[in-house]
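**Q** can you look at this prediction? I've put the sequence above it.
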Amino acid sequence: MKLFIFGPTGDLVRRKVLPALQSLDKEMDIWALGRRDFTDEDYSDFVCKGLCTTEFAKKLKYRKIDLNNDDFLEPYFNLFDKNEVNLFYIALPPDNIKKILFTLAKIKSGNIRFRVLIEKPFGENLNDAQYLRKIILDNKLSEEVYLSDHYLFKENIVDLTPINFKELKLISLENVGLEGRNTYYEGVGALNDMVQSHFFNIVFKLLENPEEEFDSFEVIDIQRAQYSDGKGESYEKELGKKSETETFVKMKIKTREKTFEFITGKGFSDKLGILGVDSEKIDLHGGENAYVSLFSHFFEGRKNKFPSIDNSILAWKIIESIDLNKVPLEFYGRGESSEDFLKSTGLINNN
């Protein structure tokens, strides 16, 4: 088995993906395809930092690529397995994903079999996501393309199926800030980073027909805020400039028969994750690294647990109907307790 990783030096790959792959303990070679001038040893030292076993580190190979070159993969065609399914994982911005998809279409025309897992976000906006879908459809890559959302593979979420309900609430508050993702996060904010990319995928998983459910809806409440404690510990300080980007958002949507409430934010003292379906509450953050389950399903070609492209398009349609510029930006304390914050703002009761 061979796995080729685009974006191999990113924080996500180091913190989540490689530890999951080590945990799975598969017989495979991992080819990191990146832009840095690394040797195999340089790459292993960079991503492992003493966390990898010696055996796993030996599986890591590094090759430099230039995505500005149309034939960036051609020098490595000899690495692809002619008799097995080659596996690709992309953790790069949407513009780079387009280039890779066109190249994978060429590989497919050469009778090389593969599956490709694309990390979120699927597109930068609705038009971009629709264009990505067009590339996939025009090049007949629908069977090969899998969309990644590790929230769908969390222990208490992965086996959920459509159910009847009236009210759904999703809460995900995190104790981290930018984590070095300054450029990415400043461009998306909490609404796109969590609600569009994760929350709606969970919602759609619980609905028989997401398109029908959201053919008519109303945003009945929305708030947004940015963390800042007034003592220098703030989003703007981490970012290094002034910003109107929200790090917290609370939104309530009403369809014909259901109500959906989303609460998400960064910069708290602790993590809190809850999926509430009517009177039932499910822990969002329990269990092992969700990428273990995600990659296990991907390796085995079990596609039914992954988000669909059409649902990703639907999420963008809903999100882009919301004009955040009309919602005033408020502030909350960096390092505040998530439960205290929710109670003080009335977002959860004191029971």
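**A** Sure thing, it's come through.

**Q** could I get the full set of helices for this structure?
**A** 11-12, 18-24, 40-48, 54-57, 94-109, 126-138, 182-190, 200-205, 210-213, 235-239, 290-300, 309-319, 338-344 (DSSP state H).

**Q** to residue 227, which of those helices lies closest?
**A** helix 235-239 (5.3 Å; Cβ to Cβ). From N, CA and C alone the C-beta is placed, and that goes for glycine too.

**Q** give the buried residues for the closest one.
**A** With burial defined by 16 or more other Cβ atoms under 10 Å, the residues of helix 235-239 counted as buried are 235, 238-239.

**Q** pLDDT check: weakest of those residues?
**A** Lowest in pLDDT among these is residue 238, which has 88.

**Q** in contact with the residue lying closest to that residue once chain neighbours are set aside, which residues?
**A** Nearest non-adjacent residue to residue 238, counting by Cβ to Cβ, 6 or more residues apart in numbering: residue 178, 4.8 Å away. Shown in contact with residue 178 (Cβ atoms under 8 Å, 6 or more residues apart in numbering): 185, 235, 238-239, 266.

**Q** then residue 205?
**A** By Cβ under 8 Å, 6+ apart, the neighbours of residue 205 are 152, 157, 160-162.

**Q** now tabulate those residues in JSON lines and tack on pLDDT.
**A** As requested, the contacts of residue 205 are exported to JSON lines (pLDDT from 0 to 100):
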{"residue": "152", "pLDDT": "97"}
{"residue": "157", "pLDDT": "96"}
{"residue": "160", "pLDDT": "96"}
{"residue": "161", "pLDDT": "96"}
{"residue": "162", "pLDDT": "96"}
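
**Q** between those, identify the one with the most neighbours.
**A** residue 157 (25 neighbours; other Cβ atoms under 10 Å).

**Q** where's it relative to residue 30, distance?
**A** Here residue 157 is placed at a distance of 27 Å from residue 30 (Cβ to Cβ, to the nearest Å).

**Q** and for residue 58?
**A** Taking Cβ to Cβ, one finds residue 58 at 10 Å from residue 30.

**Q** do residue 81 as well
**A** Residue 81 sits 13 Å away from residue 30, taking Cβ to Cβ as the criterion.

**Q** looking at these two, which one has more neighbours?
**A** Using other Cβ under 10 Å, the more surrounded residue of residue 81 and residue 30 is residue 30, with 24 against 14.

**Q** tell me the bridge partners for that one.
**A** Beta-bridge partners for residue 30, by DSSP bridges, are residue 3, residue 60.

**Q** and it, what does it touch?
**A** Taking Cβ under 8 Å, 6+ apart as the contact definition, residue 30 lies against 2-3, 5, 21, 59-61.

**Q** and residue 172, by the same measure?
**A** By Cβ under 8 Å, 6+ apart, the residues touching residue 172 are 194, 198-199, 263-264, 272-273, 284-285.

**Q** helices or strands up against the biggest strand by length in the chain?
**A** Looking across the chain with DSSP state E, the single longest strand is strand 218-227. Under the contact definition 3 or more Cβ pairs under 8 Å, 6 or more residues apart in numbering; DSSP states H and E, strand 218-227 sits against helix 235-239, strand 248-254, strand 329-332.
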